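Participant: A structural model of the following input is requested.
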Amino acid sequence: MKRRNVLGIAAGLTAGAVAGAPTRADAAVGEQLGNYAGHVTDARSVTVTSSTGQRLRITAYGNQIVRVRAIRSGETFFADTRYEMVVPANHAGMGGSLTVTDAGTSLTIVTGAADGIRIVLQKDPLRLEFYHRGTGTLLAKEDATRSITWGGTNNSVVTEAFVPPPADEHFIKAGHGLYGRSPRLDRTGDVVAHNYGIVRSDQAPAIVPLYLSTKGYGVFFNTTFDATFSFASGAGRDYAFAADDHATAGARPQMDYFLINGPEFAKLLDRYTQLTGRPRLPQLAIFGLHMSDKNFPDVSDQNWWRTKITAHRNAGFAFDHHVNDNRWRSGTGAWGGSWFEFSPVRWPDPAGYQAWAADNGVTMTLDYNRNNSNLMAGWVGGPPPGYSFKAADLTGVADSGSVPDWSNPATRTWVWNVFWSKALNPTLRYPGAGLWLDETDELGPIPYNADSAGGKKWSELRNAYFFYLHKGVGEEGWDPQTAGHIGTARRPWTWSRGASAGQQRYGHYWTGDIASTYDEMQQQIRGMQVGGLGGFPFSNIDGGGFHGAPGTGLISEAFYRNWPAAWSSLSPIWRPHSGASTSSQGAVASRWPLDQNAASQADFRKYSELRYTLLPYIYSLAHEAAATGMPMARAMVVDYQNRPNAYSHDLQYMWGPSLLVAPVISDGGATQNVWLPAWSTWYNFWADVKHAGTDAADLPYVTHTGEIILFVKAGAILPKYPYAQSTAFVNKRQLELEVWAGADGTFNLIEDDGVSESYRTAGATSVTALTWTDGATRATIRHPQGTYTGAPATRRYVVRVHGLTAPVGMRVNGGATLPAYTSEATAITSGGGTVWDTGRKILSVVTASIPVVTGGGVAATVEPSGAAFPAVTGGTVYQAERATLSGAVIDTRHPDYTGTGFVDFADTSGSGGYVQWTVNVPTAGTRTLTFRYANAGTANRPLSISVNGATVNSALAFNPTGGWATWATTSFTANLPAGSQIAVRATTTGANGANIDSLTIS
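Facilitator: Residues are numbered from 1 along each chain as shown. Okay, here's the model as predicted:
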């Protein structure tokens, strides 16, 4: 089926213009708005009638948005509820006012704010001009030949055409086409159409009829008919957008758009998501690592999942979210022939699994495949009273007996009832924190003229198809506080393969079965950014691509390290996933890190620690996205709208306000150019090397396999938690701040319970203001405003200042100069202190635990004391989780360990399990060996200590400490030989050992 030129002759474009750059043709073709005949006003609107009966209506939506609608003579304006992309309550709820002045030959229309919108409506003929009211800047205008027109067969195309913009105006189209792909961010000169696909293989468009202009305005086209946008570039080209009903029977498209004033892009996004709905904030767990069982189609079941997750946790990897593909479902457990219900064969005890998952900080997504709908309980085929379309309209659709019509409320009720009764009803105690709504984008062969239960033709419904499904699962299914629904107790995480504008207030999307190539990776980097600019900040991409390399279905080691490990960890959702099968292609087909080689595992562990320690920063960005529409991964144009470089550098992005990310888009070893914006100092995150930003030239960066290019801006404050292997285990009693000197900085840390909707229904959040005053070398941490269930009662603060030339004595809250230690671990266990990293020039300040006072005030002021840096004391600390282990595993379930975890001896290791450290002893002699540990048992759990294989203490006591989160030390002295590879081993002897945090040698 060939795509039509939806700008059509009404816009005065030549045939075939959608595929290329359009040129002007006969502008008189088609019906245009005529001359002024009269107007009427109310508080918010002015409605103008032409001499031929056409009507133009302009309505204020607050002070910074105006809605423009136009209809032909004899037509009636569509009801506000026809398209639900705009939050229905906003049509009345956003208010606003217009003042209309008649100047004889024109009307001047202004919104209520001094910095709002001014519209000049010329009368003969009726032509619109939009201006920023405060500055007088022209935004867009029509002229005698360019205006609102109707054309095509039976007036099937409606177009708004503006005069070509100035040469310095650039356009960003929000959303993206199929498979999440975007060829570039700056679409100036392009004709862009992001619509539902037309053949089965067309997957995952983000259908957001919104664009942003560098002149500081945006246009949201309020239609679900196919839309096309032409962004002028050069003489003879058109600046226009149009909707096309493909000459179907029934309603014709109407011109209906919202012009949104900024001028900053951040304000445009805020106002757009106010209009269409704020993005739905997922649970905290969703910002941890997701893994699926897709690579294990023949072996995965509930026991496999427990074993797989446990093995990764034992090796020190983080894990949060378990993504089921097909095998959990009853029936075949394959893509086809299985339905939404736990399999009694592969999942005989879902309640038991959920109990284990809750104890181990694991959440789960359950997948639904559209193609199996007819196998699910209660399905009724056919049009109403059935849940589908006419059979005659589905002959070209695969699995045609299973095509839900989501515009039918009864269909939406049916699918929610299945989700509820088979999995989500809390009385079942089954796992299920998310829903993967798959195969919903394969209905392109439905003819445009097909009828839907909602009264629209498929030509008008198809671009809202995803929206109605998410409405059914979100607003109508999950959200009500009544029987048969979940309500506010848990936030949903729902995602489909494709998205419609406005869907973000219910759920999210992912970009489909994408290729595993660097070219694909580049398109996904851009797609992530333009998805975020369209109200979808939680971009969800198959990490590493789905299909693998042509011929093998596999990916290389370098590719794994650069995409699933590195870039995915610094994208909104970290979800490596592919279609390769380990049963036929071996373990390398897996995306799980333990199935990879040592180098890949090391990178994956590194990025696990980076992401999980940055969770307070990342989750604060997610809160900001849900509150304002600000993307988590911010295209450079958001922060640097007025810099030309921002429009050409679309393979890098800001990760929040402070981090600049440029994924490595080759195997490594090549030079990749990075733009570091002028008027800021930037630090290489990995090396703390400073670079002066400049707009005159890029920084040539020699890439390394597995090392994502990462810079941090001077003045940045990155809040962190100690590393934990699940978001459920994070220790909020210790808040760490990474600060980069060279400029002042601020950051607001936002926290909540991570699960419920109480953050928005009851204001149950805390906001902790963090400030860095560079001239004073001072960090100020305020007490939180607000609180929530589970908020810490006390907090230790660790402040690390990067970029100093030398250490200085530091104090907390005006106290005495803190002592200096060899390590942060010693400073923590000593109740506070300072540490100087000579190599990286990082000064760490550790405070004592400080009671949290809800309601504000200063919790800690960390600043120079005026004294010199003290003499350094303390031994050398060796973390247990970095040692060699046998019969022991890494764990993080109990807080207040130092480093990145502790070691737990397996229950079967009554004798012979060990932790072995490799230590450096510069000179031989007597040393004190101190072990930090926890023992919640009631008896001593002694360990035998050996040095280079010789026992030096056969039964060192590890007496009870009163709890697994209550840490103590035990020590003894021994003569150690000199050397850099001295082996110190602690071995169980007849009893299971205590949990071991570290060894200190002093």
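Participant: so A43 is in contact with T99, correct?
Facilitator: No: because the distance of 10.0 Å does not satisfy CB atoms under 8 Å, A43 is recorded as not touching T99. Where C-beta positions appear, they are placed from N, C-alpha and C, glycine not excepted.
Participant: between these two, tell me which one has more neighbours.
Facilitator: Taking neighbours as other CB atoms under 10 Å, A43 and T99 compare with T99 leading, 14 against 10.
Participant: in contact with A70, which residues?
Facilitator: Neighbouring residues of A70 by CB atoms under 8 Å, 6 or more residues apart in numbering: L33, Q54, R55, L56, R57, I148, V158, Q254, M255.
Participant: please enumerate the helices of the stretch 701-850 of the chain.
Facilitator: Counting by DSSP state H, counting those that start in this stretch, the segments of the stretch 701-850 of the chain that form helices are 758-761, 824-829.
Participant: go through the ones you listed and pick out the most buried.
Facilitator: Per-residue neighbour counts averaged over each of those give the maximum for helix 824-829, namely a mean of 24 (mean count of other CB atoms under 10 Å).
Participant: what lies in contact with that helix?
Facilitator: Where contact means CB under 8 Å, 6+ apart, the residues beyond helix 824-829 that reach it are 734, 796, 798, 821, 833-835, 844, 846, 874-875, 877, 879, 898-899, 932, 967, 969, 998, 1000.
Participant: dihedrals phi and psi, the nearest residue to N992 once chain neighbours are set aside?
Facilitator: The spatial neighbour of N992 that comes closest, neighbours along the chain excluded (CB to CB, 6 or more residues apart in numbering), is F905 at 5.4 Å. Reported as degrees, to the nearest 10, the phi and psi values for F905 are phi -70, psi 130.
Participant: bridged to F905, which residues?
Facilitator: In this structure, F905 has the following beta-bridge partners (DSSP bridges): A888.
Participant: that one and D405, how far apart?
Facilitator: As for F905, its distance to D405 is 58 Å (criterion: CB to CB, to the nearest Å).
Participant: ditto for T159
Facilitator: T159 sits 30 Å away from D405, taking CB to CB as the criterion.
Participant: got JSON lines for the helices of the stretch 701-850 of the chain, with distance to A499 and mean pLDDT too?
Facilitator: Output for the helices of the stretch 701-850 of the chain, formatted as JSON lines (distance: least, CB to CB, whole Å; pLDDT from 0 to 100):
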{"stretch": "helix 758-761", "distance to A499": "22", "mean pLDDT": "96"}
{"stretch": "helix 824-829", "distance to A499": "44", "mean pLDDT": "96"}
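Participant: want to throw the ones you listed into JSON lines with distance to G104?
Facilitator: Shown next, in JSON lines, are the helices of the stretch 701-850 of the chain (distance: least, CB to CB, whole Å):
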{"stretch": "helix 758-761", "distance to G104": "50"}
{"stretch": "helix 824-829", "distance to G104": "75"}
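Participant: relative to K690, which of the ones you listed is closest?
Facilitator: For the helices of the stretch 701-850 of the chain, the distance to K690 is smallest for helix 824-829, at 23.4 Å, taking CB to CB.
Participant: now the closest one, how far from the chain's geometric center?
Facilitator: Relative to the chain's own centre, helix 824-829 is displaced by 34 Å; criterion: CA atoms, centre = their mean, to the nearest Å.
Participant: restricting to C-alpha, output it in PDB.
Facilitator: Taking Å, rounded to 0.1, in the frame of the first residue of the first chain, the C-alpha atoms of helix 824-829 are listed here in PDB:
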ATOM      1  CA  GLU A 824      36.400   6.600  53.600                       C
ATOM      2  CA  ALA A 825      35.600   3.300  55.200                       C
ATOM      3  CA  THR A 826      37.800   4.200  58.200                       C
ATOM      4  CA  ALA A 827      36.200   7.600  58.400                       C
ATOM      5  CA  ILE A 828      32.700   6.100  58.400                       C
ATOM      6  CA  THR A 829      33.600   3.500  61.100                       C
END
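Participant: okay but S45 is in contact with T59, surely?
Facilitator: Yes: the pair S45 and T59 qualifies as a contact (CB under 8 Å) at a distance of 4.3 Å.
Participant: quick check: neighbours shared by these two?
Facilitator: For the pair S45 and T59, residues contacting each of them under the criterion CB under 8 Å, 6+ apart are L98.
Participant: contacts only, for A991.
Facilitator: Contact criterion CB under 8 Å, 6+ apart gives G910, A939, N940, R941, P942 as the residues in contact with A991.
Participant: any idea how far the third one lies from A991?
Facilitator: The reference is to N940. As for N940, its distance to A991 is 8 Å (criterion: CB to CB).
Participant: give me the number of residues near G832?
Facilitator: G832 has 19 neighbours, counted by other CB under 10 Å.
Participant: kindly report the same for T973.
Facilitator: Neighbour count of T973, defined by other CB under 10 Å: 12.
Participant: hang on, it in a strand?
Facilitator: Yes: the assignment for T973 is a strand, going by DSSP: H, G, I helix; E, B strand; the rest coil.
Participant: of T159 and D405, who's got more company?
Facilitator: Neighbour tally, T159 and D405, criterion other CB under 10 Å: the higher count belongs to T159, 31 against 26.
Participant: what's the helix or strand for the more buried one?
Facilitator: Using DSSP states H and E, T159 sits within strand 157-162.
Participant: off-centre distance for that strand?
Facilitator: Relative to its parent chain, strand 157-162 has a centroid offset of 34 Å by CA atoms, centre = their mean.
Participant: quick check: buried residues in it?
Facilitator: Neighbour counts over strand 157-162 (16 or more other CB atoms under 10 Å) mark V157, V158, T159, E160, A161, F162 as buried.
Participant: try stretch 803-816
Facilitator: So for stretch 803-816, counting by 16+ other CB under 10 Å, buried means G803, P807, V808, G809, M810, R811, V812.
Participant: JSON lines for those, including pLDDT and distance to F342?
Facilitator: Listed next are the buried residues of stretch 803-816 as JSON lines, based on pLDDT from 0 to 100; distance: CB to CB, whole Å:
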{"residue": "G803", "pLDDT": "97", "distance to F342": "54"}
{"residue": "P807", "pLDDT": "97", "distance to F342": "58"}
{"residue": "V808", "pLDDT": "97", "distance to F342": "61"}
{"residue": "G809", "pLDDT": "98", "distance to F342": "61"}
{"residue": "M810", "pLDDT": "98", "distance to F342": "56"}
{"residue": "R811", "pLDDT": "98", "distance to F342": "58"}
{"residue": "V812", "pLDDT": "98", "distance to F342": "53"}
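Participant: circling back: strands paired with the strand holding T159, and their directions?
Facilitator: Strand 157-162 sits in its sheet next to strand 148-151 (antiparallel), strand 239-244 (antiparallel), going by DSSP bridges.
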